[in-house]
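[1] 3D model of this:
(chains A, B, C and D)
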Protein chains: 4
Amino acid sequence: MNVAIIGATGYTGLELVKMLVNHPKFNITYIANSTGEQRVDELHPCLQNVISMDVQKAQAKDVAENADLAFLALPHQTSMGFAKELLELGVKVVDLSADYRLELETYEKNYCAHEDKEHLPQAVYGLPEYYKEQIKTTNLVANPGCYPTATLLGLLPFVPYLDENIPVFVDAKSGVSGAGKKLSEVTAFCNVNENIFAYNPFKHRHMPEIIEKVKKLGNKELNINFVPHLINATRGMLVSTYVTLKEDIDPVEVLKNAYKDAPFVRIKDKPVDIKSTAGTNFCDIFVAKNGNALFINTAIDNLLKGASSAAVANANIMCGFDEALGVPNIAYVP
Amino acid sequence: MNVAIIGATGYTGLELVKMLVNHPKFNITYIANSTGEQRVDELHPCLQNVISMDVQKAQAKDVAENADLAFLALPHQTSMGFAKELLELGVKVVDLSADYRLELETYEKNYCAHEDKEHLPQAVYGLPEYYKEQIKTTNLVANPGCYPTATLLGLLPFVPYLDENIPVFVDAKSGVSGAGKKLSEVTAFCNVNENIFAYNPFKHRHMPEIIEKVKKLGNKELNINFVPHLINATRGMLVSTYVTLKEDIDPVEVLKNAYKDAPFVRIKDKPVDIKSTAGTNFCDIFVAKNGNALFINTAIDNLLKGASSAAVANANIMCGFDEALGVPNIAYVP
Amino acid sequence: MNVAIIGATGYTGLELVKMLVNHPKFNITYIANSTGEQRVDELHPCLQNVISMDVQKAQAKDVAENADLAFLALPHQTSMGFAKELLELGVKVVDLSADYRLELETYEKNYCAHEDKEHLPQAVYGLPEYYKEQIKTTNLVANPGCYPTATLLGLLPFVPYLDENIPVFVDAKSGVSGAGKKLSEVTAFCNVNENIFAYNPFKHRHMPEIIEKVKKLGNKELNINFVPHLINATRGMLVSTYVTLKEDIDPVEVLKNAYKDAPFVRIKDKPVDIKSTAGTNFCDIFVAKNGNALFINTAIDNLLKGASSAAVANANIMCGFDEALGVPNIAYVP
Amino acid sequence: MNVAIIGATGYTGLELVKMLVNHPKFNITYIANSTGEQRVDELHPCLQNVISMDVQKAQAKDVAENADLAFLALPHQTSMGFAKELLELGVKVVDLSADYRLELETYEKNYCAHEDKEHLPQAVYGLPEYYKEQIKTTNLVANPGCYPTATLLGLLPFVPYLDENIPVFVDAKSGVSGAGKKLSEVTAFCNVNENIFAYNPFKHRHMPEIIEKVKKLGNKELNINFVPHLINATRGMLVSTYVTLKEDIDPVEVLKNAYKDAPFVRIKDKPVDIKSTAGTNFCDIFVAKNGNALFINTAIDNLLKGASSAAVANANIMCGFDEALGVPNIAYVP
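    Numbers count the residues shown, from 1 in each chain, chains lettered A, B, ... in the order given. From the prediction side, this is the model:
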């Protein structure tokens, strides 16, 4: 099946190229960014000797002529304009931006006016552990945010055992690649190296995404308080979620039941780390209990399970392939 | 005043030497470790051209002959045997181990049988922000643990506004030097680099220390749940404490009142980072509120405010000097 | 084809498992280490959900019953004992140790007495860029050292233009994984982090390996002076070689001629970096000239092109497969 | 003595403030940058509770009214305009830029037209190990570049034993702070982390500075070839210099003779590392010989001995104080 990658300049676009160039069923026929001026191995020298293809200036019509499915690794707002056109031209879309993740009201409150209200209701939230059946039949997958993926996979199984009135605290730690490629004082080497700090406490846009999905999937409006931290690492995400249980449960059993059919969730018997998941599509989960206090500990690769490999897995499902096809399960990091 | 450093091999011993060699009032007359076989600048080559002095095999009688005050940077259990002898010989002691930090029962439950029950009741917990008057007149200071220092300075001012039944969550992140110099797979470069992970969740020995001090200083038995993480940094500690308020308060005002006379506590208007405190005796604090959820964010240098510079500040107070004398307030880290 | 991995505990053994588990032609039938007590995904938790197989206590006879080719990721001296048995049992061997890399005299001078003088002369040095034809027909490949691989691929094309009397200087920088998994003060996080230092200048065992291979392949006994450095990175190797040209040449043309048929050598027009090769089997090369001074700059992944992926490529060639089969050409590092 | 710091925004300006705020003889009376809009502890939050002073918009007349000596931490070209005015107003100047380091011809070839030819001949190159007497009596010190400092201190003692026709190779490695604070793709965290690479091989402006000073101090025009590398560290510089000896010498004796009176040069018996000098004014040197090949290995802190602490030491000497006064000799890095 022929696929297009729109937005090849950033980290998630590059990861898509890396996976799709070796994918047994998908065939990259079109790569684009906003300028369309280089070959892809000039844009990303690490691709030299791997793939050499002109990068196009993105045009929906050209995509439709060349591909059956498109991955959009674009900024929010830009993405929905492009997705709308593609959907109308009959191209399946996996959108890695925030544009189709939220209900209209939540979206417009946290981002901007929505410009594709027509397709928004059809979008399926691309968390295969919870929406696999719906993904199979949709033409539009909204790939989840990285923090929501790591948080929801840990938190959702425990929602039935939580009290709506007691705060849930999510202390999340992300590698710097999560901030994208844009130059900034925050992500300059001398600021991040040998450092760790919180940013936007209680104000990150992924907080309403988490709250909305918990409400939808867990039928409960939890008081979720989200604090992201930036860590001294390129990739990887660790989420430490702290909740108060209203009844006594065996948390490992809860997890095992929730994920018995999930090929990319691993229940661990020790605290998880980012290195074991970096470079893969796995989400590792560990839990520990202290009386009514529960510590839910998840790790993912923010660029893969938190973005690009999840997108490929979603595309696999949309096209009737195995979820795991061409999706990395091991990484060359010791 | 002549001082001795016992336990010069480890990180905290080295930091003591560094500060005391340039201290305007303390004069190092005796340095010891368990072997007594090298000069101190052989043991720590970074001290070459700075101080050249034989390291002794530690003997209490020799300490008493050479010094009026001794810093003990020894493992717990070893430390109390040595402190006991020194106190009986009339030497003032600043003990950096856990041996005199806790009440007898808490200590024996979490460490081992106590071997100096005689002096334990006289020990003052060396947190000058709360015990300055008592430190002035004691001969025995128990220097607090690094995690308790960073946690308590953030948490204590808010204890009156917390409900005993709702869990407090402490998500703490420490640089690797906090684990000491002993070789271990955990602290090997390839394990820590590009990584972050929790360890001993709810089971670290600093958890009962925090609970006991909150009870003593805040008159409230809180349900405190402590999860430490190891981060990819040599030194520095960030603590993110999450509490549920039972009434509406202005948290910045609470902090300002609590620390108006504390020279080494800085209230910040942005999330704190470890780099700004590394190499100094400062504790930086930031707070953010979201409804009844409060995020208390503190940073210290685990080896300085969390150990050795706190010990020097305590010694200053014990000897009638200014708390800040010879204690680093700036670091040569960009 | 059925293959065995002997020595699965260390870094290179793990990398072999990772590649071979997804290899289209090789089938792992036997994994062993010196204890044989765990499953491979217990030994390396990152393999959970990827491969679950008992690790055996290594026995040559069992290998021969289960596999046609064995990868030996063992310490030198141990390796030759094992290889000898396997070769006698008709098993093809790719040896990642130093045991078959050198001529007898060089080996015994730098390592120990050789215990398999019978097979030593048959061993082919596993640098496919120079020995591809010989590798095709041998039963015993001696996989090159990591430093020699990175140095030789840069240096060899220029040997004809160098004077034997003027020293060649090799300033090599290796990630910490090159030192293996053994605990050591040198590779403890707090020693390596934010640091860089030379070790064993002019005394590393890879120096005689480089000299011998230059003599053999370049017919010239050069005065090569090798200084390795340890850098603050887990994997990757950068080699900066400095030579004096005795005649004027176009160094880029020299490289292009030398490697026109080498699928895993990339000639770059900017200084190379370790990140672009980490996780792959590529060797990147850059050159710059200043009068008669030439800077040859190469980068490889020390664990892959410097060890395990080179071993898989060699096994591919030995078995008549394409050199690139199942060998990583892209890495999930941004 | 009252001093001014002009250019307080960058790394070297900040380091100057840190040292001078605790200096026993110098009193900061004036701090300036190009905007003059904040307090110094707003500009650099790590200075909170340490020094609170308005940052001025730099004016030469104001400097002269407030200070007897000025440190200029300005870009080249800007610096000479300012220095000229200050010198005419009778203010002593320590210039940290390149503007007064080179002879007119070398400067104009490598930088730009010189705008203060009047004072250029009076400038003394601020390497106290070689120019201490001249520094004592000058009003204008040109603080050396970081790479030249680390290279020259290692290389100069060996110049008499080198042949002008055989290339000298300098493989230098610098922490990222050496690139200054300006945002750049090169110094973004994700580019530097887990990486190392050369830049500007044979083309860095510090190469002519090294060549000129070797010629001046060593009376020999050497064929020096300089290749800088950027490393994954915030501060610190390691230089590995490779030379060919034309006669047999004891290199350690040569060093000991050269630096017997240099308080900030330490001869080491093991390869040097950046961590032991980071945060101090020390230059550590190690040498190893292999036949006629010599490895000269030096380490400094690029921001201190390579810039700001050297500037303070120079100011000390200019003002008749001890070179070491207020200059850091120990660092709070384990």
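[2] hang on, A:V141 packs against A:N316?
    No. Counting by C-beta atoms under 8 Å, A:V141 does not reach A:N316; the two are 10.9 Å apart. In short, each C-beta sits where N, CA and C put it, glycine included.
[3] between the two, which one's more packed in?
    A:V141 (30 against 21; other C-beta atoms under 10 Å in any protein chain shown).
[4] Please compute how far the longest helix that chain A contains lies from its chain's middle.
    Longest helix in chain A, counting residues (DSSP state H): helix A:206-218. Put simply, helix A:206-218 sits 14 Å off its chain's centre (C-alpha atoms, centre = their mean, to the nearest Å).
[5] Show me the strands in chain A, by range?
    Using DSSP state E, the strands assigned to chain A run over residues A:2-6, A:27-33, A:56-57, A:69-72, A:92-95, A:124-125, A:140-142, A:168-174, A:196-198, A:224-231, A:237-244, A:265-267, A:283-290, A:293-300.
[6] How about the contacts made by the residue of chain A positioned farthest from its centre?
    Taking C-alpha atoms, centre = their mean, the residue of chain A most remote from its mean C-alpha position is A:G291, at 32.7 Å. Residues counted as contacts of A:G291 (C-beta atoms under 8 Å, 6 or more residues apart in numbering or on different chains) are B:167, B:223.
[7] Now it, what are its backbone angles?
    phi 60, psi -130 (degrees, to the nearest 10).
[8] Can you name the residues that contact the residue in the stretch 51-200 of chain A that chain C sits nearest to?
    With C-beta to the nearest C-beta, the shortest gap between the stretch 51-200 of chain A and chain C falls at A:S177, namely 4.9 Å. By C-beta under 8 Å, 6+ apart, A:S177 lies in contact with A:11, A:234-235, A:302-303, C:334, D:190.
[9] What about those residues, which one has the most neighbours?
    Neighbour-wise, the contacts of A:S177 (other C-beta under 10 Å) top out at A:N302, 32 neighbours.
[10] Surely that residue and A:S174 touch.
    Yes. A:N302 sits in contact with A:S174 when judged by C-beta under 8 Å, with a separation of 5.6 Å.
[11] Now do the shared contacts for those two.
    Counting by C-beta under 8 Å, 6+ apart, the residues touching both A:N302 and A:S174 are A:146, A:236-237.
[12] State the pLDDT value of the residue farthest from the centre of chain A.
    pLDDT, A:G291: 96.
[13] Ok, A:P334 next?
    For A:P334, the predicted pLDDT is 55.
[14] Can you tell me which residues in the stretch 201-334 of chain A are near chain D?
    Residues of the stretch 201-334 of chain A lying close to chain D (C-beta under 8 Å from any C-beta of the partner chain) are A:232-234.
[15] Spatially nearest residue to A:A70, not counting backbone neighbours?
    A:A4 (4.3 Å; C-beta to C-beta, 6 or more residues apart in numbering or on different chains).
[16] And the one you found, how close does it get to C:K109?
    60 Å (C-beta to C-beta, to the nearest Å).
[17] which residues in chain A form helices?
    Under DSSP H, chain A gives helices at A:11-21, A:40-43, A:60-66, A:78-88, A:104-110, A:128-137, A:146-155, A:189-192, A:206-218, A:251-258, A:308-318.
[18] Mind putting these into a markdown table with mean pLDDT and distance to chain B?
    Shown next, in a markdown table, are the helices of chain A (pLDDT from 0 to 100; distance: least, C-beta to the nearest C-beta, whole Å):
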| stretch | mean pLDDT | distance to chain B |
| --- | --- | --- |
| helix A:11-21 | 97 | 16 |
| helix A:40-43 | 96 | 25 |
| helix A:60-66 | 97 | 36 |
| helix A:78-88 | 98 | 29 |
| helix A:104-110 | 98 | 15 |
| helix A:128-137 | 98 | 23 |
| helix A:146-155 | 98 | 13 |
| helix A:189-192 | 96 | 5 |
| helix A:206-218 | 97 | 9 |
| helix A:251-258 | 98 | 12 |
| helix A:308-318 | 98 | 18 |
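[19] for these, which one sits closest to D:P121?
    helix A:189-192 (36.9 Å; C-beta to C-beta).
[20] Give me the contacts around that closest one.
    Applying C-beta under 8 Å, 6+ apart, the set of residues contacting helix A:189-192 is A:176, A:185-186, A:230, A:232, B:275, B:334, D:11, D:176-177, D:181, D:187-189, D:191-193, D:234.
[21] Flag every buried residue along it.
    Neighbour counts over helix A:189-192 (16 or more other C-beta atoms under 10 Å in any protein chain shown) mark A:189-192 as buried.
[22] Alpha carbons only: can I get that helix in CSV?
    Presented in CSV, the C-alpha positions along helix A:189-192 are these (Å, rounded to 0.1, in the frame of the first residue of the first chain):
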residue,chain,number,x,y,z
PHE,A,189,22.2,22.1,25.8
CYS,A,190,23.6,24.2,28.7
ASN,A,191,20.1,24.6,30.1
VAL,A,192,19.0,21.0,30.0
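[23] And stretch A:117-128, what's buried?
    A:119-120, A:123-128.
[24] ok, A:L230 - contacts?
    Per C-beta under 8 Å, 6+ apart, neighbours of A:L230: A:173-174, A:176, A:179, A:186-187, A:192, A:196-197, A:199.
[25] Next: A:K270.
    A:286, C:45.
[26] phi, psi of it?
    Per degrees, to the nearest 10, the backbone of A:K270 is at phi -130, psi 160.
[27] And it, how close does it get to chain D?
    25 Å (C-beta to the nearest C-beta, to the nearest Å).
[28] Test my guess that A:A315 contacts A:I5.
    No. A:A315 is not in contact with A:I5 according to C-beta under 8 Å; the separation is 11.0 Å.
[29] When these two are compared, which one has more neighbours?
    More crowded of A:A315 and A:I5, by other C-beta under 10 Å: A:A315, with 32 against 29.
[30] How about the more buried one: what's its closest non-neighbour residue?
    That would be A:V94: by C-beta to C-beta, 6+ apart, it lies 5.3 Å from A:A315.
[31] I'd say the one you found and A:N139 touch.
    No. Using C-beta under 8 Å, A:V94 makes no contact with A:N139, being 9.9 Å away.
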